[in-house]
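Engineer: what shape does this take:
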Amino acid sequence: MPNPYLPLWEYIPDGEPRVFGNRVYVYGSHDRPASDSFCDKKLKVWSASVNNLSDWVCHGDIFHTEDDRDHACDTDWANGNYLYAPDVVEKDGKYYLYAYIMGEKGCVAVSDKPEGPFKLISTYKYTMPEEVCANGWFIDPGVLVDDDGKVYIYCGFEKSFMAQVNPDNMYEIIDNSHIEDIIPVEKPFEFFEACSPRKVGDTYYLIYSPKRGSRLAYATSDKPTGPFEYRGYIVDNGDDYPGGNDHSSICQINGQWYIFYHRMTNGTIMSRRACVEKIELLPDGTIPTVEMTSLGFEESLLPYRQTPAEIACVLRGGCFVTEKNRFERVITGITDGCVMGYKYFDFGDDFSSKTMEFCARVNGMGCNSEIHIFIDDCENGKEIGICKVGTDSGMVSCITESVTGRHSVFFKVKDTAGGWFKEMFSGRQLFELCEFVFVK
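Structural biologist: Numbering: from 1, shown residues only. Now for the predicted structure:
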């Protein structure tokens, strides 16, 4: 599946990827399109076979802080509060959900199955000062079950905390085990939020969001209690794209490592969709920074198959993805100079064709404009064609130069109105892009 890798109507940010058995599960928050608040009052889980990452299954709602048409509230002390950024770990054949409830004490729930549903065990029990771990909220909890059976929880917002959890009940914080500033707020760490621990070999990784919240940074240690060394950042969801906070983690699936993260839609930072990129873990423990792409779990995109405009990984100039309904999401806000980019298409090795056709479906806005089609880069790359867009909705097309091999594709939009009219109506929306395809 390309990015976003879940069905395009689903909004799962803060995704914690976990491999249990022969399936990979993603536990995250649940956003809504065009929402004016983060998250929802329920949690959902999706999973896929490790052997087929193109077929994701929704297991439905797994935990609630409000009654809905199918479920009763799971938390009698926090009815109506929003659920943020959970984590799930396995211990002795049971699966434990760590829930962050906005404005209330967090809690732990359990299930016999990784897909839930999860039944409440308890709020966290501890004797720490109330200000530690944000008065019991345990913001953005990330949990590590170590090889020796010890359990650690990492959390925090604008200040990080770590504590040891009693492995006999999985919700009691062991006395005198907490450490403040496990990841410092000072440079180069600049901790902000979104703790996610992982152990790889003998190295402990803590993935988190730094003060520049569009990035996922990481630090490493040879002990779960630190000290941690800052190592850099893995991905930036605001690189040539409408950015916002980020939260997720790394996961190895069938020998390949991935960074899971999310992207913004609907002209807000509160409608986020799950994305993923392949990464490398080098022998020295470092993870080279990766670019955002449209690939997801795919090796390449096929240009001769209809491509939804919304899987763009580059959006410059103010354009953005928006959902009109469950079946229709488009790139809107397209004005003069806007750029939309897709990485990467494999055009194949057919050298017999000198030309091909570009077709796009658009929603017209009563304006005349052009889509300039580039490969590799919209400034220094090669322009292979120009597609005229008129005032009406429907299909537009043009003949382009034929392309072979693997390339990114960029569309740069030009308002073709001239003179005083263009100056007077500068910034007007020209059209909406729905989908496109190349035809040989």
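Engineer: low-confidence ranges in the stretch 201-350 of the chain?
Structural biologist: The stretch 201-350 of the chain contains no residues with pLDDT under 70.
Engineer: what about the spatially most central residue of the chain, which helix or strand?
Structural biologist: Centroid-nearest residue in the chain, with C-alpha atoms, centre = their mean: residue 262, separated by 1.4 Å. In this structure, residue 262 sits in strand 256-264 according to DSSP states H and E.
Engineer: and that strand, what does it pack onto?
Structural biologist: Under the contact criterion of 3 or more C-beta pairs under 8 Å, 6 or more residues apart in numbering; DSSP states H and E, strand 256-264 touches strand 16-20, strand 229-236, strand 250-253, strand 272-279. Heads up, the C-betas are built off the backbone N, CA and C, glycines and all.
Engineer: show me the beta-bridge partners of residue 27.
Structural biologist: residue 16, residue 45 (DSSP bridges).
Engineer: hang on, it packs against residue 16?
Structural biologist: Yes. Look at residue 27 against residue 16 with C-beta atoms under 8 Å: they come within range, at 4.8 Å.
Engineer: shared neighbours of these two, anything?
Structural biologist: 86, 87, 88 (C-beta atoms under 8 Å, 6 or more residues apart in numbering).
Engineer: closest to residue 224 out of those?
Structural biologist: residue 87 (15.0 Å; C-beta to C-beta).
Engineer: OK, contacts around the closest one?
Structural biologist: 16, 27, 97, 98, 141, 142, 143, 196.
Engineer: repeat that for residue 70.
Structural biologist: So residue 70 contacts residue 61 (C-beta under 8 Å, 6+ apart).
Engineer: same check, this time on residue 437
Structural biologist: 303, 304, 305, 306, 307, 358, 359, 360.
Engineer: ditto for residue 358
Structural biologist: So residue 358 contacts 373, 385, 387, 397, 398, 399, 400, 436, 437, 438, 439 (C-beta under 8 Å, 6+ apart).
Engineer: closest one of these to residue 71?
Structural biologist: residue 436 (40.7 Å).
Engineer: any idea how far residue 77 lies from residue 84?
Structural biologist: Relative to residue 84, residue 77 is positioned 16 Å away (C-beta to C-beta, to the nearest Å).
Engineer: where exactly do the strands run in the stretch 301-440 of the chain?
Structural biologist: Along the stretch 301-440 of the chain, counting by DSSP state E, counting those that start in this stretch, strands occupy 307-308, 314-316, 320-325, 328-334, 339-346, 355-364, 369-375, 382-389, 394-401, 406-415, 431-439.
Engineer: need those in a markdown table with distance to residue 119, can you?
Structural biologist: Formatted as a markdown table, the strands of the stretch 301-440 of the chain follow (distance: least, C-beta to C-beta, whole Å):
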| stretch | distance to residue 119 |
| --- | --- |
| strand 307-308 | 38 |
| strand 314-316 | 42 |
| strand 320-325 | 33 |
| strand 328-334 | 36 |
| strand 339-346 | 43 |
| strand 355-364 | 47 |
| strand 369-375 | 53 |
| strand 382-389 | 55 |
| strand 394-401 | 52 |
| strand 406-415 | 47 |
| strand 431-439 | 43 |
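Engineer: rewinding a little: switch the contacts of residue 87 over to a markdown table; also include pLDDT, secondary structure and distance to residue 219.
Structural biologist: Below are these laid out as a markdown table (pLDDT from 0 to 100; DSSP: H, G, I helix; E, B strand; the rest coil; distance: C-beta to C-beta, whole Å):
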| residue | pLDDT | secondary structure | distance to residue 219 |
| --- | --- | --- | --- |
| 16 | 98 | strand | 18 |
| 27 | 98 | strand | 22 |
| 97 | 98 | strand | 25 |
| 98 | 98 | strand | 21 |
| 141 | 97 | coil | 18 |
| 142 | 98 | strand | 13 |
| 143 | 98 | strand | 17 |
| 196 | 98 | strand | 11 |
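Engineer: out of those residues, which are buried?
Structural biologist: 16, 27, 97, 98, 141, 142, 143, 196 (16 or more other C-beta atoms under 10 Å).
Engineer: for the strands of the stretch 301-440 of the chain, which one sits closest to residue 150?
Structural biologist: Here strand 339-346 is closest among the strands of the stretch 301-440 of the chain (C-beta to C-beta), at 41.6 Å.
Engineer: output the contacting helices and strands for that closest one.
Structural biologist: Going by 3+ C-beta pairs under 8 Å, 6+ apart, strand 339-346 lies up against strand 314-316, strand 406-415.
Engineer: out of those strands, which is the most enclosed?
Structural biologist: By mean neighbour count, with neighbours taken as mean count of other C-beta atoms under 10 Å, strand 406-415 ranks first of the helices and strands packed on strand 339-346 at a mean of 22.
Engineer: follow-up on the earlier one: output the contacts of residue 358 in a markdown table; the columns should cover pLDDT and distance to residue 159.
Structural biologist: As requested, the contacts of residue 358 are exported to a markdown table (pLDDT from 0 to 100; distance: C-beta to C-beta, whole Å):
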| residue | pLDDT | distance to residue 159 |
| --- | --- | --- |
| 373 | 98 | 48 |
| 385 | 98 | 53 |
| 387 | 98 | 51 |
| 397 | 98 | 55 |
| 398 | 98 | 55 |
| 399 | 98 | 59 |
| 400 | 98 | 53 |
| 436 | 98 | 46 |
| 437 | 98 | 50 |
| 438 | 98 | 50 |
| 439 | 97 | 55 |
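Engineer: what is the nearest of the residues you listed to residue 49?
Structural biologist: residue 437 (29.1 Å).
Engineer: show me the beta-bridge partners of the closest one.
Structural biologist: Residues in beta-bridge contact with residue 437 (DSSP bridges): residue 359.
Engineer: same question, residue 329
Structural biologist: In beta-bridge terms (that is, DSSP bridges), residue 329 pairs with residue 323.
Engineer: residues near it, how many?
Structural biologist: 22 (other C-beta atoms under 10 Å).
Engineer: residues touching it, list them.
Structural biologist: 8, 9, 265, 308, 310, 321, 322, 323.
Engineer: now flag whichever of the residues you listed is closest to residue 339.
Structural biologist: For the contacts of residue 329, the nearest to residue 339 is residue 321 (14.1 Å; C-beta to C-beta).
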